[in-house]
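1. Got a sequence here, can you build the structure:
(4 chains)
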Protein chains: 2
Amino acid sequence: MSTAPSAERPLRADARRNRERVLAVAAQMFAEQGHEVGVAEIARGAGVGSATLFRHFPTKEALIAAVVEQRLGEVEALLASAQEIEDPGEAFRTLMLDVVRAQVQDRALVEALIDLVHASSPRIEEHIERVTEGVGAILGRAQEAGLVRDDVVAGDIMALASGIASAHCPDLQRPDLVERYLGIVLDGLGPQGASPLHPGPATFDDLAAARLRCGS
Amino acid sequence: MSTAPSAERPLRADARRNRERVLAVAAQMFAEQGHEVGVAEIARGAGVGSATLFRHFPTKEALIAAVVEQRLGEVEALLASAQEIEDPGEAFRTLMLDVVRAQVQDRALVEALIDLVHASSPRIEEHIERVTEGVGAILGRAQEAGLVRDDVVAGDIMALASGIASAHCPDLQRPDLVERYLGIVLDGLGPQGASPLHPGPATFDDLAAARLRCGS
DNA sequence: ACCTGAACACCGTTCAAGT
DNA sequence: ACCTGAACACCGTTCAAGT
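-> Here you go, the predicted structure:
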């Protein structure tokens, strides 16, 4: 449950409570209104001064990262329960729908995953790695069963899921339309009418190069 | 070429020149860096005071809208040349690749099209309508030729194109990966392995309702 | 009729002072 | 050890004054 770094002496009771309230309020406000909500408004909603917020999260971006981290934990839980579905095709469809829905319900998550390569903390990268692994496992099962084409990788699935999630105007149109677009993409992932793909999938080298390009 | 409303007496020569330089500089900076570039920086780049910028474009959002309008004109031109391709399948693929690439090359365009339902001016809506018409024509030809499934509409194509464009991290990763994702979606749009889609496509009523919900 | 730099309001961040 | 409201810097927008 704890989102704080592991080896730190525990916070004083009031500090811990404040930290958690800020995180909860921020998560809700970011989900509803996106990143543009003011930091002062979040502090007010949590009943603390703005400086307190900045004591716990040194920058607005760090606060966003903490919220994203929490959500990624939830996504991992979705993946775990999708893995328990026996039918490989059903597991794969459930996975995609869950991941897409998580992003549609939370504008902040989509925005954050787009910026991910810049802003990413080591802890967020770990989450992403675990998510990629989980996606890969479910994808692999579906491929072995001949239900999904063999020339796609976990990274493709995640990119497509985020694409579908941003293919609709999140706060205004019918959010259920994403299921329609997902249906089309799922058909494209099937082995039936699959045509060769150019170029090949993204590699770890691509990510490393990108990270290098932004410093840090 | 003129992006100003039709029935206005012409601007003084220097004013016209200033307006155009601001628009050109803004277009380039938005395309390269997204909407977060400062208005002061744009004004400086165009060699005018910031108040002059605001005389021509009453708000930053209006400036963005003017740039978007220009880009949409370019997209219409792309559509027109795609329409001239005889082979219906080739025309359709070209259309999708062009629309996706236009959005990948211009971060501002993606951002703007996402916000479109709120910010839209009547003139931008006209552009969108023309684009939708053009897409519908090319799509219709491909469907008649049996190359694209019958249960999709122009709105689906545009949503998917914007989704693919935001499926990759625009400034960091390999922009050519969008072609890979587009390949998957195009396979999903083929008639071969098409499974029924839920829910049905977006209607004009949905758009009207969304617009109503934000006032204006 | 149009231009400009200085002034204003707002928001992320920091600081001096409190308990 | 942690909290706070006031102060600071930055950016979108407006205004008083220039030509």
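2. tally of neighbours for A:L177?
-> 22 (other CB atoms under 10 Å in any protein chain shown). Where you see a C-beta, it was placed from the backbone N, CA and C, and this is true even at glycine.
3. Hmm, I typed the wrong one, I wanted A:E133.
-> A:E133 has 12 nearby residues by other CB under 10 Å.
4. ok, how many other residues are close to the nearest residue to it once chain neighbours are set aside?
-> Nearest residue to A:E133, sequence neighbours excluded (CB to CB, 6 or more residues apart in numbering or on different chains): A:A154, at 7.7 Å. When neighbours are defined as other CB under 10 Å, A:A154 has 18 of them.
5. Isn't A:A154 up against A:A142?
-> No - with contact defined as CB atoms under 8 Å, A:A154 does not count as touching A:A142 (11.5 Å).
6. for the helix or strand containing A:R93, packing partners?
-> Using DSSP states H and E, A:R93 sits in helix A:88-105. The criterion is 3 or more CB pairs under 8 Å, 6 or more residues apart in numbering or on different chains; DSSP states H and E, and the helices and strands that helix A:88-105 contacts are helix A:60-83, helix A:107-114, helix A:122-144, helix A:154-165, helix A:177-189.
7. Quick check: the gap between A:L78 and DNA strand C.
-> 30 Å (CB to the nearest atom of the strand, to the nearest Å).
8. Over to A:T59?
-> Distance from A:T59 to DNA strand C, by CB to the nearest atom of the strand: 4 Å.
9. Equivalent analysis for A:E41, please.
-> 7 Å.
10. residues touching that residue, list them.
-> A:M29 (CB atoms under 8 Å, 6 or more residues apart in numbering or on different chains).
11. again, but for A:R71
-> A:A27, A:A102, A:D106, A:A108, A:L109.
12. Show me which pair in the residues you listed is furthest apart.
-> A:A27 and A:A102 (12.8 Å; CB to CB).
13. Compare neighbour counts for these two and give me the winner.
-> A:A27 (21 against 18).
14. Find the nearest non-adjacent residue to the more buried one, please.
-> A:V67 (4.8 Å).
15. still on that earlier bit, can you redo the contacts of A:R71 as CSV with distance to A:P191?
-> Formatted as CSV, the contacts of A:R71 follow (distance: CB to CB, whole Å):
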residue, distance to A:P191
A:A27, 39
A:A102, 27
A:D106, 32
A:A108, 36
A:L109, 31
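16. When you compare pLDDT across these, which one is lowest?
-> pLDDT is lowest at A:A108 among these; the value there is 68.
17. re earlier: was I right to think the residue nearest to A:A27 contacts A:V25?
-> No - in this structure A:V67 lies outside contact range of A:V25 using CB under 8 Å: 10.1 Å.
18. Between the two, which has more neighbouring residues?
-> Ranked by neighbour count (other CB under 10 Å), A:V67 and A:V25 place A:V67 first, with 26 against 20.
19. and the residue of chain A nearest DNA strand D?
-> A:A51 (2.8 Å; CB to the nearest atom of the strand).
20. In three-state terms, how would that residue be classified?
-> helix (DSSP: H, G, I helix; E, B strand; the rest coil).
21. what's the pLDDT at it?
-> On pLDDT, A:A51 comes in at 96.
22. re the thing from before, among the helices and strands packed on helix A:88-105, show the one with the smallest mean pLDDT.
-> For the helices and strands packed on helix A:88-105, the bottom mean pLDDT is recorded on helix A:107-114, which sits at a mean of 67.
23. Which residues are in contact with the closest residue to A:G163 other than its chain neighbours?
-> Computed as CB to CB, 6+ apart, the closest residue to A:G163 that is not its neighbour in sequence is B:A167, at 2.9 Å. The contact partners of B:A167, taken as CB under 8 Å, 6+ apart, are A:A159, A:L160, A:S162, A:G163, A:S166, B:V178, B:Y181.
24. Try it again at 6 Å.
-> Each residue near B:A167 by CB atoms under 6 Å, 6 or more residues apart in numbering or on different chains is listed here: A:A159, A:S162, A:G163, B:Y181.
25. Tell me how far it lies from B:A161.
-> 11 Å (CB to CB, to the nearest Å).
26. ok, now A:V131?
-> On the measure of CB to CB, A:V131 and B:A161 end up 26 Å apart.
27. which one of those two has more residues nearby?
-> Set side by side, A:V131 and B:A161 show more neighbours around B:A161, with 25 against 19, by other CB under 10 Å.
28. does A:P191 really touch A:D150, like I thought?
-> No - checked against CB atoms under 6 Å, the pair A:P191 and A:D150 is beyond contact range at 7.6 Å.
29. neighbour count winner among these two?
-> A:P191 (14 against 10).
30. What does the pLDDT read for the more buried one?
-> 94.
31. Now the phi/psi pair for it, please.
-> The phi/psi pair for A:P191 (degrees, to the nearest 10) reads phi -80, psi -10.
32. Could you find the closest non-adjacent residue to it?
-> A:R149 (4.8 Å).
33. does that neighbour count as helix, strand or coil?
-> Classified using three-state DSSP, A:R149 is coil.
34. and it, how many residues sit next to it?
-> 19.
35. For it, give its distance to DNA strand C.
-> 44 Å.
36. who touches stretch A:99-106?
-> With CB under 6 Å, 6+ apart, stretch A:99-106 has contacts from A:A31, A:V75, A:L109, A:V110, A:A161, A:I164, A:A165, A:P175, A:V178, A:L182.
37. okay if I get those residues as TSV plus distance to DNA strand D?
-> As requested, these are arranged in TSV below (distance: CB to the nearest atom of the strand, whole Å):
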residue	distance to DNA strand D
A:A31	23
A:V75	29
A:L109	25
A:V110	22
A:A161	32
A:I164	31
A:A165	27
A:P175	29
A:V178	31
A:L182	36
